[in-house]
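> Only the shape, not the letters, is given here:
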Ligand SMILES: CC(=O)N[C@H]1[C@@H](OP(=O)(O)OP(=O)(O)OC[C@H]2O[C@@H](n3ccc(=O)[nH]c3=O)[C@H](O)[C@@H]2O)O[C@H](CO)[C@@H](O)[C@@H]1O
């Protein structure tokens, strides 16, 4: 007699930073029957592989203060909890995995109210409010960074790193489909999964001096950059989004990046030295806490956006390009933070919780 597969509901929504680790975990559970929980019109509708049926609920994050808008959101939250309980019961799910954010609230409440186990993964060094609130209710709290544990004193913390997409771990990474000479230094600029308009502006103002040294720039602008297409140069490649990040970050001499957990994890796995510019409006400034981990490890230089100028960024990059030994050291320090088998560790933890 063969055992029926374990049914798992994955609640991961919104950004690459929330979705990629969950997809990497799902790929490690081929013997499970997995369905997804997300919201309509977010990145999950594009990124979640078709083999995982997507259930959607209309949950939203709370605004500051408590007005009519918050009451509507509360009503949606209650409706979402009822709906997730229905999905879990009807589908006979045996557990829930979540990467946090506002989808996690109804997922954790519904699962725990039905007595189902929940494994939570928090990739940031400063855990989000939802994580801090619901962490103690979960059967395991998997952390991307050790530094997060002190903010979750009552949770069952296990540091597993943050899983990266399988492309980063493949023995043979597909080659870059961009024309960049082998010996040219390459600066890669990216601003999370949605691009960073403020970073893009600094980069365009500073870029000429970098290009004059013979360096190439691959600039991933996001699709909402009003200045896209303005700056042109034969060594400057501008794209709204690029898929083959594994090959690009491995090839990069230096990255200029926001400090979302996903980006940092990939920089570490690839051993890519970086200048980090935390997104100043991220919830509770959590990207600065992420960046601190890298700066303290000697893997990156961090610039506060409010104190940065194009001139300062220009000089920092020129100095680093002239100092390959420093770049190599930063890259090695980044590699030392990496947890390349994070998805395996997370899958083992989940199996331990769901199968014991
Ligand atoms: C603005 C904001 O609050 N962002 C948060 C969001 O992640 P957000 O998705 O914004 O940022 P992350 O750095 O975590 O992830 C970005 C991902 O997009 C990928 N990418 C980017 C550009 C591109 O052209 N191609 C591509 O594949 C990167 O390789 C990376 O995997 O959730 C993360 C996890 O909780 C947080 O740490 C981030 O702070």
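Cool, got the structure. In this text, all values refer to a predicted model and were calculated from it rather than measured experimentally. Numbers count the residues shown, from 1 in each chain.
> How is this structure partitioned into domains?
As assigned by automatic domain parsing, the chain contains the domains 7-163+341-355, 186-337.
> This protein against the ligand: which residues are in contact?
15-18, 20, 123-124, 190, 192-194, 220, 241-242, 245, 260-263, 266, 279, 282, 286-287 (C-beta under 6 Å from any ligand atom). Placement of C-beta: from N, CA and C, glycine included.
> So among those residues, which ones count as buried?
15-18, 20, 123-124, 190, 192-194, 220, 242, 245, 260-263, 266, 279, 282, 286-287 (16 or more other C-beta atoms under 10 Å).
> And the domains of the chain, which one averages the lowest pLDDT?
Mean pLDDT per stretch puts domain 7-163+341-355 lowest among the domains of the chain, at a mean of 94.
> And that domain, how far out from the chain middle?
Centroid separation for domain 7-163+341-355 versus its chain: 14 Å, with C-alpha atoms, centre = their mean, to the nearest Å.
> Could you work out the end-to-end span of that domain for me?
One end of domain 7-163+341-355 sits 11 Å from the other (C-alpha to C-alpha, to the nearest Å).
> same thing with stretch 216-224?
23 Å.
> Please apply the same query to stretch 186-204.
OK, stretch 186-204 end separation, C-alpha to C-alpha: 15 Å.
> Same question for that stretch: list its buried residues.
186-196, 199-200, 202-204.
> Among the buried ones among the residues of the chain next to the ligand, which lie within strands?
Among those, the ones falling in strands (DSSP state E) are 190, 220.
> just to revisit the earlier point, figure out which of the domains of the chain is closest to residue 171.
For the domains of the chain, the distance to residue 171 is smallest for domain 186-337, at 11.6 Å, taking C-beta to C-beta.
> Check whether residue 140 really touches residue 159, as I assumed.
No. The pair residue 140 / residue 159 is not scored as a contact, 11.5 Å apart, by C-beta atoms under 8 Å.
> more neighbours, those two?
Taking neighbours as other C-beta atoms under 10 Å, residue 140 and residue 159 compare with residue 140 leading, 21 against 16.
> Surely residue 199 touches residue 256?
Yes. Under the criterion of C-beta under 8 Å, residue 199 makes contact with residue 256 at 6.8 Å.
> what's the overlap in contacts for the two?
With contacts taken as C-beta atoms under 8 Å, 6 or more residues apart in numbering, the residues that reach both residue 199 and residue 256 are 189, 277.
> Which parts of the stretch 151-300 of the chain are strands?
157-159, 186-190, 216-220, 236-239, 254-257, 274-276, 300-302 (DSSP state E, counting those that start in this stretch).
> Now do the strands in the stretch 1-150 of the chain.
Using DSSP E, counting those that start in this stretch, strands in the stretch 1-150 of the chain cover 7-11, 33-38, 54-56, 95-98, 118-122, 140-143.
> Pull up the pairing partners for the last one, direction included.
Its sheet considered, strand 140-143 pairs with strand 118-122 (parallel), strand 157-159 (parallel) by DSSP bridges.
> hmm, who's touching the first one?
Contact partners of strand 118-122, identified using C-beta under 8 Å, 6+ apart, comprise 21-22, 25, 95-100, 104, 107-108, 111-112, 128, 131, 134-135, 137-144, 148, 152, 155, 160, 162, 346, 349-350, 353-354.
> Generate a ChimeraX selection restricted to the buried subset of the residues you listed.
Typed into ChimeraX, the next command selects the buried ones out of the contacts of strand 118-122 (criterion: 16+ other C-beta under 10 Å):
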select :21,22,25,95,96,97,98,99,100,104,107,108,111,112,128,131,134,135,138,139,140,141,142,143,144,148,152,155,160,162,346,349,350,353,354
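> In the stretch 1-150 of the chain, what residue comes closest to the ligand?
residue 17 (2.3 Å; C-beta to the nearest ligand atom).
> mind checking the longest helix of this structure?
helix 68-90 (DSSP state H).
> on that earlier part again, for my notes, please list the domains of the chain in JSON lines and give distance to residue 172 for each entry.
Shown next, in JSON lines, are the domains of the chain (distance: least, C-beta to C-beta, whole Å):
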{"stretch": "domain 7-163+341-355", "distance to residue 172": "17"}
{"stretch": "domain 186-337", "distance to residue 172": "10"}
